[in-house]
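J.: Have a look at this fold, sequence not included:
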Ligand SMILES: O=C([O-])CC(=O)C(=O)O
Ligand SMILES: [Mg+2]
């Protein structure tokens, strides 16, 4: 590699910096003799130092801050570190630690990353986007901080989420980091605590009416088409209603998707497929009851119904298997407070605000927690599910950890070891009654990086639900019988890159089959994906 940068300029560029790993010849050529310790270390040795320093930190938030700092200095070593042990580092650079980091974003802030675009820049969005130094951007992950994880409206503190999500494109699926742009659209916040916090890093204004917000988002989405014509826009952590409406607004016209609507749906569908393998049933035999009817719930219900329709069911029949329960009780036909996209799941049923009663009456085989309410799956709920089902499927997806509807210990204990369980965050194995259960992590990080890699490699012009259904099937297929036997619905995280390469290859195949690719079709799809994968290795400067 050649670069015009020399001396301190080069050492201060995190993409080019090799810290203590420059060779003697490189030091001479790049004018950095004397500017670093006079050694030539391997990256393995550097990794040892990183691990040692991480070992001295006492909390995951401190480890998060340390790793962000490493990224600010040396991008290659950062990715080398997290890719060396994904099961250990995902919970630090991502959920659940990132939830805590977002809550304190304005307090732990050190260095800018990504872009911050305020609604006050309306009319100038294109010009602002052109300030970004990279010209070939393939993914923008964008939030308005409206609903960050299960934490609610965090405004500008939500800017940590697009940063973390895009790091997973690289760490989990190998999308090269220079093509990724995290973006925070600042339309204000209704979070009074932040509005009062002098260290808050966003506009001190209440959120505008939806029309005003959407017209700002329109300008943004249209500007992206012009400034970054190959870019896919990934929407993340908007409020449920905005998430679904914005997806519908753009999906036919532009290359966009919503991870909370489609990615979470994909990974949950994968878990549902594997739960039926454990039970010896089929998806179409199951009945589903959701706790929560926001973007994740409705997104999953829609994707699940599409998958059932693809298996030969009518849409109406598929929808009749899906029931939902939210803060105002069971969604049923007499409810007058429902949003358009919730109505297909409001069936004829007596009104009830009692979830256990709803379980007893509907007799679901699977309950899905997307409520953000920690502990909502009480002992009564799990016991009712266990009376109705030989193997109740309990998916407690809300996050971070304290928001999970129940813990795996609770699910296994209250069901006497019968539950098939997954959560949205990572939990350790559970030993119960002489058996070891492996609670899977039903998190969209198995899906969005792989779908992203497929889009990147094929330069797909649109993102379809079928791509998420295919990703779900591909992830499900990668869990072997031994793991299924221990109740594990998802592939091990230690091997995440390989899992996502295989998933991306299947999605890429579908992109070519659907005529959405803008690159020539390769003969070997896995090799094609592999040829695009980023490796955390230093360049040799010649
Ligand atoms: O980030 C996660 O872990 C899952 C997710 O998309 C969300 O909760 O909004
Ligand atoms: Mg999200």
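T.: Received it, and whenever you're ready, just let me know what you need. Computed from a predicted model, the values in this text were never measured in an experiment. Ligands and ions are numbered 1, 2, ... in the order given.
J.: which residues touch the residue of the stretch 301-450 of the chain found nearest ligand 2?
T.: Residue of the stretch 301-450 of the chain nearest ligand 2, by C-beta to the ion: residue 444 (6.9 Å). Bear in mind the C-beta positions are built from the backbone N, C-alpha and C, glycine included. Taking C-beta atoms under 8 Å, 6 or more residues apart in numbering, we find residue 444 in contact with 259, 260, 263, 264, 266, 267.
J.: Residue 334: helix or strand, and which one exactly?
T.: For residue 334, there is no host helix or strand (DSSP states H and E).
J.: closest point of the protein to ligand 1, which residue?
T.: residue 95 (3.3 Å; C-beta to the nearest ligand atom).
J.: end-to-end on stretch 154-165?
T.: End-to-end span of stretch 154-165 (C-alpha to C-alpha, to the nearest Å): 16 Å.
J.: circling back: need the nearest residue in space to the residue of the stretch 301-450 of the chain closest to ligand 2, chain neighbours excluded.
T.: residue 263 (3.4 Å; C-beta to C-beta, 6 or more residues apart in numbering).
J.: correct me, but the one you found touches residue 467?
T.: No - counting by C-beta atoms under 8 Å, residue 263 stays clear of residue 467, with 10.6 Å between them.
J.: Quick check: neighbours shared by those two?
T.: If you check residue 263 and residue 467 against C-beta under 8 Å, 6+ apart, the residues they both contact are residue 451.
J.: Which one's more surrounded, these two?
T.: residue 263 (29 against 26; other C-beta atoms under 10 Å).
J.: circling back to that earlier point, per-residue pLDDT, the residue of the stretch 301-450 of the chain closest to ligand 2?
T.: You'll see residue 444 listed with a pLDDT of 97.
J.: again with residue 295
T.: pLDDT, residue 295: 88.
J.: How much space separates it from ligand 2?
T.: Using C-beta to the ion, to the nearest Å, residue 295 is found at 9 Å from ligand 2.
J.: now do residue 217
T.: Counting by C-beta to the ion, the gap from residue 217 to ligand 2 is 17 Å.
J.: again, but for residue 80
T.: Residue 80 is 26 Å from ligand 2, by C-beta to the ion.
J.: Surely that residue is in contact with residue 49?
T.: No - look at residue 80 against residue 49 with C-beta under 8 Å: they stay out of range, at 12.0 Å.
J.: Compare the two (neighbour count), which wins?
T.: Neighbour count, other C-beta under 10 Å: between residue 80 and residue 49, residue 80 has more, with 20 against 13.
J.: Excluding residues flanking it in the chain, which one is nearest the more buried one?
T.: In space, and not counting its chain neighbours, residue 80 is closest to residue 536: 3.9 Å by C-beta to C-beta, 6+ apart.
J.: where exactly do the helices run in the stretch 301-450 of the chain?
T.: 315-320, 355-362, 379-388, 408-414, 448-458 (DSSP state H, counting those that start in this stretch).
J.: Put together a markdown table for these, with mean neighbour count on each row.
T.: Output for the helices of the stretch 301-450 of the chain, formatted as a markdown table (neighbours: other C-beta atoms under 10 Å):
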| stretch | mean neighbour count |
| --- | --- |
| helix 315-320 | 16 |
| helix 355-362 | 19 |
| helix 379-388 | 19 |
| helix 408-414 | 23 |
| helix 448-458 | 29 |
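J.: between the ones you listed, which one is nearest to residue 124?
T.: Distance to residue 124, taken as C-beta to C-beta, is lowest for helix 448-458 among these, at 28.5 Å.
J.: on that earlier part again, can you give me the separation between the residue nearest to residue 444 and residue 296?
T.: According to C-beta to C-beta, to the nearest Å, residue 263 and residue 296 sit 9 Å apart.
J.: Then residue 271?
T.: The value you get for residue 271 to residue 296, if C-beta to C-beta is used, is 13 Å.
J.: likewise residue 152?
T.: Between residue 152 and residue 296 the computed distance is 14 Å (C-beta to C-beta).
J.: So between the two, which is more surrounded?
T.: Remark: of residue 152 and residue 296, residue 296 carries more neighbours, 30 against 15, as counted by other C-beta under 10 Å.
J.: that older thread, contact partners for the residue nearest to residue 444?
T.: Here residue 263 is in contact with 257, 444, 447, 448, 451, 468 (criterion: C-beta under 8 Å, 6+ apart).
J.: near ligand 1, which residues of this structure?
T.: Residues of the chain that fall close to ligand 1, judged by C-beta under 6 Å from any ligand atom: 95, 149, 237, 259, 260, 264, 399, 424, 443, 444.
J.: Go again with 5 Å.
T.: 95, 149 (C-beta under 5 Å from any ligand atom).
J.: I'd like the domain boundaries of the chain, if you could list them.
T.: Using automatic domain parsing, the domain parsing of the chain gives 7-89, 265-443.
J.: out of those domains, deepest packed?
T.: Burial of the domains of the chain is given as mean neighbour count (mean count of other C-beta atoms under 10 Å); domain 265-443 ranks first at a mean of 20.
J.: and the end-to-end length of stretch 130-142?
T.: End residues of stretch 130-142 are separated by 16 Å (C-alpha to C-alpha).
J.: and it, how far out from the chain's middle?
T.: On the basis of C-alpha atoms, centre = their mean, to the nearest Å, stretch 130-142 is displaced by 19 Å from the centre of the chain it belongs to.
J.: For that stretch, buried residues please.
T.: Of all the residues in stretch 130-142, those buried under the rule 16 or more other C-beta atoms under 10 Å are 137, 138, 139, 140, 141, 142.
J.: Taking their axis directions, the helix or strand hosting the fourth one and helix 448-458 sit at what angle?
T.: To tie it back to what came earlier, the one meant is residue 140. Taking DSSP H and E as the criterion, residue 140 maps to strand 139-143. Angular relation of strand 139-143 and helix 448-458 on a 0 to 180 degree scale: 140 degrees, by axes from the mean of the first three to the mean of the last three C-alpha atoms, to 10 degrees.
J.: Go through stretch 475-490 and flag the buried ones.
T.: Quick answer for stretch 475-490 (16+ other C-beta under 10 Å): 475, 476, 477, 478, 479, 483, 484, 487, 488, 489, 490.
J.: Which pair of those residues spans the longest distance?
T.: The most widely separated members of these are 477 and 487, with 17.6 Å between them, by C-beta to C-beta.
J.: for residue 191, what are its contacts?
T.: Going by C-beta under 8 Å, 6+ apart, residue 191 touches 152, 153, 154, 155.
J.: and the first one, helix, strand or coil?
T.: For residue 152, the secondary-structure state derived from DSSP: H, G, I helix; E, B strand; the rest coil is coil.
J.: Likewise for the one 5 residues further on?
T.: The assignment at residue 157 comes out as helix when based on three-state DSSP.
J.: My read is that it contacts residue 148, right?
T.: Yes - contact criterion C-beta under 8 Å: residue 157 and residue 148 qualify, at 7.3 Å.
J.: Identify the contacts common to those two.
T.: Joint contacts of residue 157 and residue 148 (C-beta under 8 Å, 6+ apart) are residue 102.
J.: how about the helices of the stretch 301-450 of the chain, which one is nearest residue 209?
T.: The minimum distance between residue 209 and the helices of the stretch 301-450 of the chain falls on helix 448-458, with 29.9 Å, by C-beta to C-beta.
J.: Which strands and helices lie in contact with that closest one?
T.: Helices and strands touching helix 448-458, as assessed by 3 or more C-beta pairs under 8 Å, 6 or more residues apart in numbering; DSSP states H and E, comprise strand 139-143, helix 160-173, strand 232-235, helix 465-477, helix 496-513, helix 525-530.
J.: how about it against ligand 2, any contact?
T.: No - Helix 448-458 does not reach ligand 2 (C-beta under 5 Å from the ion); its nearest approach is 9.2 Å.
J.: I'd say residue 213 and residue 239 touch.
T.: No - the criterion here is C-beta under 8 Å, and residue 213 misses it with residue 239 at 10.0 Å.
J.: pLDDT at the residue nearest to residue 80, what is it?
T.: 98.
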